[in-house]
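# Predicted coordinates and the sequence they were generated for:
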Amino acid sequence: MYSQKVMEHFANPRNAGVLEDADGVGEVGNPVCGDMMAVYVKVKDDRIADAKFQTFGCVAANAVSSMVTEMAKGKTLSEAKQITKKAVAEALEGLPKEKMHCSNLGAEALAEAIKEYEERRRGLKPAAEKAGRRKRASVRGCCGVPNPLVAQFCMSCGHELNT
């Protein structure tokens, strides 16, 4: 069902974790399947110097998050904006049709992180903050693991988080 590349990124994820001093954070979720992703980017000289992710979801969602961060690191912001769901799926040597929405989430989370960075650089308040969805550098902790504010359940142990 899954390619060897998908299973490799799921079993040995690259760039998992939180960038506490991230320049941009993109948080997305799919209420239908329950997958949630947060992508963190650090930008230097108009390039993504570092990228990390937190994902609560299926095998494909975790592999997509790992691949997206690998694809983005070292790219200019303009190049990183060109990372599409199709490019992510191809880099993973394909995803089952019913899991293609996971690659949408990965590309969308990266785009949101870049958008937040650009809004901040222009002196604007990011849309996520305007909508009250997230406070900058704010995460909910559980069992010592930080979770994005959009998370309803701990990404480590699965316990429901208080809202």
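Noted; the coordinates are in hand. Residues are numbered from 1 along each chain as shown.
# For this protein, just list every one of the strands.
With strands called from DSSP state E, the chain shows them at 24-29, 36-44, 47-56, 139-142, 145-148.
# Closest to the geometric centre of this protein, which residue is that? Let me know.
residue 39 (2.8 Å; CA atoms, centre = their mean).
# what about that one, distance to residue 123?
Distance of residue 39 to residue 123, given as CB to CB, to the nearest Å: 23 Å. C-betas here are computed from N, CA, C, even on glycine.
# repeat for residue 79
24 Å.
# Next, count neighbours for residue 82.
11 (other CB atoms under 10 Å).
# For the chain, give me the ranges with low pLDDT.
Under the criterion pLDDT under 70, the flagged ranges of the chain are 31-32, 126-157, 159, 161-163.
# quick one: the helices in it?
With DSSP state H, the ranges of helices along the chain come out as 4-11, 59-72, 77-81, 85-91, 100-121, 127-130.
# you'd agree residue 21 is up against residue 42?
Yes: contact status for residue 21 versus residue 42: in contact at 6.9 Å, counting by CB atoms under 8 Å.
# More neighbours: these two, which one.
Ranked by neighbour count (other CB under 10 Å), residue 21 and residue 42 place residue 42 first, with 18 against 9.
# Which residue is the nearest non-sequential neighbour of residue 39?
In space, and not counting its chain neighbours, residue 39 is closest to residue 109: 4.0 Å by CB to CB, 6 or more residues apart in numbering.
# could you check the distance from the one you found over to residue 51?
10 Å.
# Make sure the residue nearest to residue 39 is actually in contact with residue 26.
Yes: counting by CB under 8 Å, residue 26 is a contact partner of residue 109 at 4.1 Å.
# buried set for stretch 64-82?
Buried residues in stretch 64-82, counted by 16 or more other CB atoms under 10 Å: 64-73, 75, 77, 80-81.
# Name the nearest of those residues relative to residue 89.
Among the buried residues of stretch 64-82, residue 64 lies closest to residue 89 (CB to CB), at 8.2 Å.
# How much space separates that closest one from residue 20?
23 Å.
# ok, now residue 115?
Distance from residue 115 to residue 20, by CB to CB: 20 Å.
# Show me which of the two is the more surrounded one.
Applying other CB under 10 Å to residue 115 and residue 20 shows that residue 115 carries more neighbours, namely 16 against 10.
# Now residue 51: closest residue in space that isn't a chain neighbour?
residue 69 (4.0 Å).
# list the contacts for that neighbour?
The contact partners of residue 69, by CB atoms under 8 Å, 6 or more residues apart in numbering, come to 14-15, 39, 51-53, 110.
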